[in-house]
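1. Here is a sequence with its predicted model. Questions after.
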Amino acid sequence: MPDPAKPFDEAPRGRGADKLRGKTAFITGASSGIGRATALLFAREGARVAIAYHSDPDDADETLARMRDFGAEGYKVQMDAGDAASNKAATREAIEWLGGRLDVLVCNASMQVNKEDVLEIPEDQAQKTLFVNALGYLWTIQAALPAMGEGGSIIGTSSVVAFRGNPTLVDYAMGKGAELALLRSLAAQLAEKGIRVNAVAPGPIWTPFIPETMPPDKVAQFGQDTYLKRPGEAWEVAPAYLFLASEDGSYVTGQTIHVNGGIPVGG
């Protein structure tokens, strides 16, 4: 099992191919894990990137410092994704720093709490989970859309659990399912404006999120039920976001890319 203290967010690759040169991007939940890996890849590909973090400015600063190593500009904003006012204010601040134009939006902020019994899920937990994982994406998109034009790309981080469910992540799966419906609906609505909307559905990806939110016995087995018999790394997911953000994905909208090590999904 990889070391949770040393998440591997960067791919062992050379310099980028300028696939996002001249583009602006805003990524939520980007202080670590998949969000950080995506921010670093976007920066490596030439984008100016603003990132949102929830509670750890030091992690966000580490992300920005690594982006500067690539010669890329970066900016951080604090965001409580599950609070409409904080969410929208942070999004607008990020876009202002980006010059008032947004080319790529990645909604990635998420939360999960394990509960073995659906009867044990308290109301406040369920509400917070839905606010962050579903309504939070809606609020970010609402704040960002006025700054997006033709050629824009919106990408949401869904999950394999939106397709398969999970017996101990019932409210998380419910929120991710709602988020997926949101993204598919927006793909239909925004197509006439030339804005593409897609999702990436990671399977078991090794990030600090996992040991922080799962009991030790589940952490020990994490990713072993995939065809590849291991969890993925955040850098192995980030290229899916790059594909959807760049011209490579110009004919893709309303779709979900599954990066899950080989877990059958029904859709």
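-> Great, that's in hand.

2. Pretty sure residue 224 sits against residue 217.
-> No - contact criterion C-beta atoms under 8 Å: residue 224 and residue 217 do not qualify, at 11.9 Å. No exception for glycine: its C-beta is placed from N, CA and C like everyone else's.

3. out of those two, which sits in the more crowded spot?
-> residue 224 (13 against 8; other C-beta atoms under 10 Å).

4. From residue 261, how far off is the more buried one?
-> Look at residue 224 and residue 261: by C-beta to C-beta, to the nearest Å, they are 10 Å apart.

5. Three-state assignment for the closest residue in space to residue 258 that isn't next to it in sequence, please.
-> Residue nearest to residue 258 in three dimensions, not counting chain neighbours: residue 201, with 5.0 Å by C-beta to C-beta, 6 or more residues apart in numbering. Look at residue 201: counting by DSSP: H, G, I helix; E, B strand; the rest coil, its state is strand.

6. Could I get the pLDDT score of residue 201?
-> On the pLDDT scale, residue 201 is placed at 97.

7. list the contacts for it?
-> Counting by C-beta atoms under 8 Å, 6 or more residues apart in numbering, residue 201 makes contact with 158-160, 162-163, 180, 256-260, 265.

8. Now for residue 123, how many residues are close by?
-> Neighbour count of residue 123, defined by other C-beta under 10 Å: 7.

9. Kindly report the same for residue 124.
-> Count around residue 124 with other C-beta under 10 Å applied: 8.

10. go on, the one 4 residues further on?
-> Residues near residue 128, counting by other C-beta under 10 Å, number 18.

11. do the one 10 residues further on as well
-> By other C-beta under 10 Å, 17 other residues sit near residue 138.

12. my read is it is in a helix, agree?
-> Yes - applying three-state DSSP, one finds residue 138 inside a helix.

13. show me the contacts for the closest residue to it other than its chain neighbours.
-> Ranked by C-beta to C-beta, 6+ apart and with sequence neighbours excluded, the top spatial neighbour of residue 138 is residue 182, at 6.0 Å. By C-beta under 8 Å, 6+ apart, the residues touching residue 182 are 134, 137-138, 156.

14. Pop out the phi and psi values for residue 261.
-> Main-chain torsions, residue 261, degrees, to the nearest 10: phi 70, psi 10.

15. So for it, what's the pLDDT?
-> pLDDT, residue 261: 96.

16. quick one, what contacts it?
-> 203-204, 223, 226-228, 230-232.

17. Just send the residues you listed back as a markdown table, with neighbour count and secondary structure too.
-> Shown next, in a markdown table, are those (neighbours: other C-beta atoms under 10 Å; DSSP: H, G, I helix; E, B strand; the rest coil):
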| residue | neighbour count | secondary structure |
| --- | --- | --- |
| 203 | 23 | coil |
| 204 | 21 | coil |
| 223 | 21 | coil |
| 226 | 17 | coil |
| 227 | 10 | coil |
| 228 | 14 | coil |
| 230 | 15 | coil |
| 231 | 22 | coil |
| 232 | 21 | strand |
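
18. which one of those is nearest residue 21?
-> Ranked by distance to residue 21 (C-beta to C-beta), the contacts of residue 261 are led by residue 232 at 27.6 Å.

19. Dig out what the closest one forms beta bridges with.
-> Taking DSSP bridges as the rule, residue 232 bridges to residue 205.

20. ok, it touching residue 207?
-> No - between residue 232 and residue 207 there is no contact under C-beta under 8 Å: 9.7 Å.

21. just to revisit the earlier point, from the contacts of residue 182, which has minimum pLDDT?
-> Ranked by pLDDT, the contacts of residue 182 bottom out at residue 134 (94).

22. Could you report the neighbour count for residue 136?
-> 28.

23. confidence score at the nearest residue to it once chain neighbours are set aside?
-> Computed as C-beta to C-beta, 6+ apart, the closest residue to residue 136 that is not its neighbour in sequence is residue 81, at 3.8 Å. At residue 81, the model reports a pLDDT of 96.

24. same deal with residue 266?
-> Note on residue 266: pLDDT of 65.

25. show me where pLDDT drops low in the protein?
-> Counting by pLDDT under 70, the chain shows low-confidence ranges at 1-15, 266-267.
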